[in-house]
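In: structure of the sequence below:
(chains A, B, C and D)
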There are 4 protein chains.
Amino acid sequence: MRVGVLTGGGDCPGLNAVIRAVVRKGVKEFGDEFVGFRDGWKGPLEGLTMELGVDQVRGILPRGGTILGSSRTNPFAVEGGVEQIKANLASAGVDALVAIGGEDTLGVATKLHDLGVNVVGVPKTIDNDLSGTDFTFGFDTAVNIASEAIDRLHTTAESHHRVLVVEVMGRHAGWIALHSGIAGGANVVLIPERPFDIEQVCAFVEQRFESKYAVIMVVSEGAVPADGTGMTLVSGEKDAFGHVRLGGIGERLASEIEARTGKEARAVVLGHIQRGGTPTAFDRWLATRFGLQAIGAVHDGDFGTMMALRGTDIVRVPLAEGTKELKLVSPEEYAEAEVFFG
Amino acid sequence: MRVGVLTGGGDCPGLNAVIRAVVRKGVKEFGDEFVGFRDGWKGPLEGLTMELGVDQVRGILPRGGTILGSSRTNPFAVEGGVEQIKANLASAGVDALVAIGGEDTLGVATKLHDLGVNVVGVPKTIDNDLSGTDFTFGFDTAVNIASEAIDRLHTTAESHHRVLVVEVMGRHAGWIALHSGIAGGANVVLIPERPFDIEQVCAFVEQRFESKYAVIMVVSEGAVPADGTGMTLVSGEKDAFGHVRLGGIGERLASEIEARTGKEARAVVLGHIQRGGTPTAFDRWLATRFGLQAIGAVHDGDFGTMMALRGTDIVRVPLAEGTKELKLVSPEEYAEAEVFFG
Amino acid sequence: MRVGVLTGGGDCPGLNAVIRAVVRKGVKEFGDEFVGFRDGWKGPLEGLTMELGVDQVRGILPRGGTILGSSRTNPFAVEGGVEQIKANLASAGVDALVAIGGEDTLGVATKLHDLGVNVVGVPKTIDNDLSGTDFTFGFDTAVNIASEAIDRLHTTAESHHRVLVVEVMGRHAGWIALHSGIAGGANVVLIPERPFDIEQVCAFVEQRFESKYAVIMVVSEGAVPADGTGMTLVSGEKDAFGHVRLGGIGERLASEIEARTGKEARAVVLGHIQRGGTPTAFDRWLATRFGLQAIGAVHDGDFGTMMALRGTDIVRVPLAEGTKELKLVSPEEYAEAEVFFG
Amino acid sequence: MRVGVLTGGGDCPGLNAVIRAVVRKGVKEFGDEFVGFRDGWKGPLEGLTMELGVDQVRGILPRGGTILGSSRTNPFAVEGGVEQIKANLASAGVDALVAIGGEDTLGVATKLHDLGVNVVGVPKTIDNDLSGTDFTFGFDTAVNIASEAIDRLHTTAESHHRVLVVEVMGRHAGWIALHSGIAGGANVVLIPERPFDIEQVCAFVEQRFESKYAVIMVVSEGAVPADGTGMTLVSGEKDAFGHVRLGGIGERLASEIEARTGKEARAVVLGHIQRGGTPTAFDRWLATRFGLQAIGAVHDGDFGTMMALRGTDIVRVPLAEGTKELKLVSPEEYAEAEVFFG
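Out: Residues are numbered from 1 along each chain as shown, chains lettered A, B, ... in the order given. Prediction:
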């Protein structure tokens, strides 16, 4: 068979491991040929291809990023996009497509499958907020980076009296904050699923300082203050250039806590270092197995499916089901961790 | 309640995280008191205790080893051992016991539970060979250390023509070798479950060198040559001091391959660095959740159970079931990875 | 002899290694007794002491922070401070003092020495801006952490079109930015010694994007825009609570570049993770040797000196000389690195 | 100018950083063209070249190994070798050569320079045993890897009663063992410069176990027992295949200590993981600056020189002087560290 591969959406450690596994198994077990489509859906939309074979995937297993490039292009937002894709797949002689990406990328995959394109999906989100799978690759790497950062802050916290706020990724779901907060032994974890009350946060800070300890606070980038609790992230706030102020929740919180409690507060903003660089062993193993299963699904004609981890098994679930809702931190899961806060 | 805690068997990253979680939740949610028993079953056997409370578990989350010490003492091998344990538990006022350990430690726990002791178990093995749970803590740390070592060898392999043999832990099961071999992109993985043929191994080495690449080989410490395949690990072989030669399979293999193929071969023996030091985030998270569940089981009176990971849930399974057989790498699981070997 | 030890100023990986070396050598070679003074100069000022011997320094070599605690207390700002210190040293029976700290701490040491106190100094600054020594401990750790962060950003930079701004420590001197920028392969390095022109920075960004690459920019926390170049860090700017806005230069720059060029720009703020946690081998070696030399200086009666690295030798220089001026990045050193920018 | 570049001898983190710096500065500041010679002196000997320009050095800074390949080929051992090299340099239009390598590679460079070839040298040895320079790149990386391994062993040592022997690189000089032993807090360090007495080593082990601690021992691969001290590494000892036994000193020592003291002893053999993989920030900085200085030396016509670190300066020293003798650990340097042993 002739199989196309593409990666879409944000960077995520493990993308190259998926590509490599798809190609290595495809070539060795099935004698497949591969076409790399560049820059997500932009590739099949505009006919941007690159050679993809055993030589191209040599040495990429430990590398972050994606050799195929990525984009957030949505072909359904382009007039005649679907037809262009079909035409380009046909002219590239592609029988099936492996699409690796998050909600958006797989959403397009789902619709294209409904329109007759042979596509299988591999889920990708470092936020780990896809409902169809126990874990997604990239998440373990992000959590380890955040945990190591928190580890380093503990010694400062022991030697000085400070509030240290660590901003981690997680726009809608608090998984990275929760797991790294547990693993790092944080004192407070603020997540998008539970809007926080700045007064409670500050009361906690002051109470904790009574017993002379510092405070390590992990906050998801998407955490927000609850309405009417005295702190707002005014969406229309603008800077000198008329641009909406970008300062993240981490720096904002540090500033606000310092203003309210008089305690020195500092922010660490991990940003993109959570999603770049070499994947952990877990993420390489998971990504590799997703890739092996995906090319298997292609040869089984099991199109319209998405690979998923269930326990230690890789299974196939319908694309539509896998992406239909975000997996959020439940109140029970948060409560389980709460015993360590304080 | 008054709860005893002990850790038995070999070192494993995450032991302290379990202890901390048991104590933190026990104190905060149930008002428990704790007694630390020192050095595994030796503690309750000989009445060796240490103070164990919130102060003792502060800061231990990222630390390897165990603050309680460990041993391989088996009270059933001691005359009157069970009675001594019961007496010591009674005199320490202990209502229940949390035993953290591997096959041996939990085997004792199972028997003691049958004899009326209130015990819950937390499984521990870096080898990941316990059948009752998806993963055990410590394993992820070991795999990451091995994978990072393999990563480093690739650049040497690219610049020189060498056979590099990495010996990893795994006496009966090849999980560490298999996972780190997949994650590190090894060319050969030898595991205890599949006795190897040294002639095939050497034939592979020679064939691979024809296309000018080096060879990275991962071998479990428990891997053995198949009978009648021209290599033996003579059990009676002795050194100058009359002691059985200890040289591990890694050094043996390197020596043998060099002798047979004439290619320079070198061994890396990771040994105890795989089981010491700080746990990964995954292992801290898993160990912490095992601890939380264990103290919950104590308060539910759910004795005779062992904590287990199933997907992302921590469940309780009967101790006897959890430890009844080793979880080995199946032929299918090995075959899945084999696509990358060569 | 009876020797006091204190640590002052900000956190710095290697402090514990110095303390350990002083104590281990003092006890073993000279039979010294030690008194730990807590929280920098606050300790001798207020008579805050702690036991300090071989037991207290066991296991602290790899730990960040300082077991003695720290503060920025200046006894010369306290009425009668010097007399109190002399009285407290006398009542603790202390013959000499080893003071470990930066500019401020050693400045106090210098003055106290002039007033007759037997003191030797060990320099400490992660910023590496002390003129008397080739390197200070802590710096190598900070540079490694920053370099690893930059490494991780490269893969994102290769997969996406972004400006990534990494804010590193360095209030007055750009050493961390310069070394990590060189080691990480940054495209731009902005340091306090060279106020930057935001228009030039943006012009560079736009030019670089013409050839389709992303931009990785390392900026010292103390970097400032040059006067009259269209960007100001208004010192009086206040937030909703009347507090001066704290947002660091990293977030500011990202925001400004995005506003001016329309390119997506994101900040990473490493903050305190650069100064916490375990020291690198180099920093442990340097800190240890500083400690060995310091206790040697005490026994040689070589008071008023500061330990310094010159090549691979540890030498003693007059305290006053070692701290008299900041070591800044020279135009030549910046120019040497500039070949890589762009 | 047209400049050739080659790398010889064993793998060493930082080789690619040198190559990149030479090329980047050569192209940008001098408009140079480059020729890459493959596989050390084999390249100019056999006329094996590769393209070498800004594109070829992109992204190689963090990579271990060398994009030019390496070998131990000695053109002076080949009949007519020097003439061939001169002819191949001429036909490649090469005006000067930058040779990066250790004692052997630079020894060839020295002789060729004497015979009229325009060559400058960059020293390379992870063993750090070159006398002309404070440090060589690669050494800091090796020491960090060894120190991290020792760190991990401490927790096992605390939980169990074991002798843990870590074998590190260092065939003639004990620098890696000494620095990592200091940085890791080892109890014993055995180096080639001081043949050890096995009975003393065992006596120490037994004495240390009296106070219940484990023993962490770092041993250079080139450490040897002193004559007449009851342990020999019989050079003629052969295995079943008639090959001289390869088992390293690490495994031998562990075996011998276990046999003599009855204490469980285990070996860790770090081997090639010390010389592969990504360089530390220090090594990247040093290697980069060596490269910058080397291309500067070429343009100054400063041939027959070798780059060297003195303090924080990169200087040029005569090739002959830089390589004339090995830099060994002096008795004083060993004694300085000895305060921590025990």
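
In: so residue A:134 sits against residue A:310, correct?
Out: Yes: applying C-beta atoms under 8 Å, one finds residue A:134 in contact with residue A:310, separated by 6.1 Å. (Each C-beta comes from the backbone N, C-alpha and C, glycine too.)

In: of those two, give the one with the bigger neighbour count.
Out: residue A:134 (19 against 15; other C-beta atoms under 10 Å in any protein chain shown).

In: what about that one, which SS state?
Out: coil (DSSP: H, G, I helix; E, B strand; the rest coil).

In: then residue A:336?
Out: Residue A:336 - assigned by three-state DSSP - is helix.

In: okay, now it: neighbour count?
Out: 19.

In: quick one: pLDDT of the residue nearest to it when sequence neighbours are not counted?
Out: Nearest residue to residue A:336 in three dimensions, chain neighbours excluded: residue B:292, at 6.3 Å (C-beta to C-beta, 6 or more residues apart in numbering or on different chains). Residue B:292 carries a pLDDT value of 98.

In: which element is residue B:292 on?
Out: Counting by DSSP states H and E, the element that carries residue B:292 is helix B:281-299.

In: which residues do residue A:134 and residue A:310 both contact?
Out: By C-beta atoms under 8 Å, 6 or more residues apart in numbering or on different chains, residue A:134 and residue A:310 have these common neighbours: residue B:311.

In: rewinding a little: the following helix or strand past the helix holding residue B:292 vs helix B:281-299, what angle?
Out: Counting by DSSP H and E, the element after helix B:281-299 in chain order, helix or strand, is strand B:305-310. Strand B:305-310 and helix B:281-299 are oriented at 140 degrees to each other (axes from the mean of the first three to the mean of the last three C-alpha atoms, to 10 degrees).

In: list the contacts of strand B:305-310.
Out: Strand B:305-310 has contacts (C-beta under 8 Å, 6+ apart) with A:311, B:106, B:120-123, B:132-135, B:286, B:289-290, B:293-294, B:297, B:314-319, B:322-323.

In: quick one: contacts for the residue nearest to residue A:336?
Out: A:336, A:339, B:21, B:22, B:25, B:314.

In: again, but for residue A:322
Out: A:106, A:121, A:123, A:130, A:131, A:132, A:133, A:306, A:308.

In: distance of residue A:146 relative to chain D?
Out: 20 Å (C-beta to the nearest C-beta, to the nearest Å).

In: now that residue. Nearest residue, chain neighbours left out?
Out: Nearest to residue A:146 is residue A:180, by C-beta to C-beta, 6+ apart, at 3.5 Å.

In: next up, phi/psi of that neighbour, please.
Out: phi -70, psi -30 (degrees, to the nearest 10).

In: which element, helix or strand, includes the residue in the stretch 1-150 of chain A positioned nearest to chain B?
Out: At 4.1 Å from chain B, residue A:147 is the closest residue in the stretch 1-150 of chain A, using C-beta to the nearest C-beta. Using DSSP H and E, residue A:147 falls within helix A:139-159.
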